[in-house]
Every structure is written in C-alpha cells, then in structure tokens.
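**Student:** just coords:
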C-alpha cells in the first residue's frame, strides 16, 4: 500500500510502495506544491521507475520557479535506487 500526503506547507510524507499503480495519486499531491518542499521517505519501502518519473517531473516543475524537492530519511534500499539511477545528482538528499 502507498500513501502520500502534505502535512503542512513544504512538508510531504510518503510511505509504502510507490509503483506505477500509484502514479496518479502521487501526481495529484505533488502538483499542489508551489515552493521548496521536504519529502519524508522514512516509511517508503520501494520506488519504481514510474515513481521516479513523477518525482523528477515535480522537481523539474519546481526548478522552473527556483524551488526544489528535498528528499529526506531514505532507507538504504531507496537510496541505492537513487544512486544507481544517478538521480542523487539531481535531488538534494538529506538525512
């Protein structure tokens, strides 16, 4: 199961498995962001290529306005996915 929600402006929480079946749910939430935001991934177990694409699209949209996504509290497994795809060079990853 996957869940994503905005806790307060600039703070998003993701949990579960972010795969292709959850793309629209995530897109709906991430499209609401208009400024730099921290995405807490503490309870995110998995992210697929489709999930990475949605995060990248949100990063691009925010970047056009001088903002960005900061990804926080990644598990080692999720961090490995970002490193293997070199997306760790595009996103700010914080602990």
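**Tutor:** Received the coordinates, thanks. Just so we're clear, the structure is a prediction, and the values are computed from it rather than from any experiment. Numbers count the residues shown, from 1 in each chain.
**Student:** quick one, longest helix in this protein?
**Tutor:** Secondary structure of the chain per DSSP state H: the longest helix is helix 49-63.
**Student:** who does that one touch, helix- and strand-wise?
**Tutor:** Using 3 or more CB pairs under 8 Å, 6 or more residues apart in numbering; DSSP states H and E, the elements in contact with helix 49-63 are helix 23-30, strand 37-47, strand 69-72. The way it works is simple: take the backbone N, C-alpha and C, and place the C-beta from them, glycine included.
**Student:** Run the angle between it and strand 37-47 for me.
**Tutor:** Orientation check (axes from the mean of the first three to the mean of the last three CA atoms, to 10 degrees): helix 49-63 against strand 37-47 gives 170 degrees.
**Student:** For residue 12, find the nearest of the helices and strands packed on helix 49-63.
**Tutor:** Smallest distance to residue 12 across the helices and strands packed on helix 49-63 (CB to CB): 4.6 Å, for strand 37-47.
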